[in-house]
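*Asks:* pasting the sequence and the predicted model now:
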Amino acid sequence: MTITMTDKQRDKQTGRQTVELAKTKLFARVSSFYRSANAIFGKIDRVANKDVVLQLLSCKCMPSLLCDLEACPLVKSDLLSLNLINCFFMKLFKTNNLDIF
């Protein structure tokens, strides 16, 4: 006697694996963004002009975060984790007020 999965069970398992893979990829992208941004902040030590820092973040850090992001199925908790990127902009502009963004 063999146990086989029904099509519905197989689809559910495949969907779960896809979501887990997407979360792993998202975590890797966010980690890459933080690593790049911290490297930039560590090298310039807040001495450079804010325009230069923004340009560096948009050229070097944001592509690593946004690459293939449109293909990932995001849930609310994933979007909230991406919201932590505001911390870098708050740090750059030395503010605690999110309303100015």
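*Replies:* Perfect, I can see it now.

*Asks:* so, low pLDDT: which residues of the chain?
*Replies:* Applying pLDDT under 70 to the chain flags the ranges 1-19, 21-22, 46, 68, 72, 100-101.

*Asks:* so residue 26 touches residue 73, yeah?
*Replies:* No - assessed by CB atoms under 8 Å, residue 26 is found out of contact with residue 73, at 9.8 Å. Yep, even glycine has a C-beta here, placed from its N, CA and C like the rest.

*Asks:* so residue 53 touches residue 45, yeah?
*Replies:* No - the pair residue 53 and residue 45 fails to qualify as a contact (CB under 8 Å) at a distance of 11.0 Å.

*Asks:* in terms of neighbours, single out the busier of the two.
*Replies:* Counted by other CB atoms under 10 Å, residue 53 and residue 45 do not tie: residue 53 has more neighbours, with 20 against 7.

*Asks:* which residues does the residue nearest the centre of the chain contact?
*Replies:* Taking CA atoms, centre = their mean, the centroid of the chain lies closest to residue 30, which sits 3.3 Å from it. By CB atoms under 8 Å, 6 or more residues apart in numbering, the contact set of residue 30 is 65, 81, 82, 84.

*Asks:* please repeat the previous calculation with a cut-off of 10 Å.
*Replies:* 64, 65, 78, 81, 82, 84, 85 (CB atoms under 10 Å, 6 or more residues apart in numbering).

*Asks:* between these, which sits nearest residue 39?
*Replies:* residue 64 (11.4 Å; CB to CB).

*Asks:* any idea how many residues pack against the closest one?
*Replies:* 17.

*Asks:* can you name every helix or strand that the helix or strand containing it contacts?
*Replies:* Secondary structure assignment for residue 64, by DSSP states H and E: helix 62-66. If contacts are counted by 3 or more CB pairs under 10 Å, 6 or more residues apart in numbering; DSSP states H and E, helix 62-66 sits against helix 7-44.

*Asks:* just to revisit the earlier point, looking at residue 26 and residue 73, which is more packed in?
*Replies:* Just comparing residue 26 and residue 73: by other CB under 10 Å the higher neighbour count belongs to residue 26, 19 against 11.
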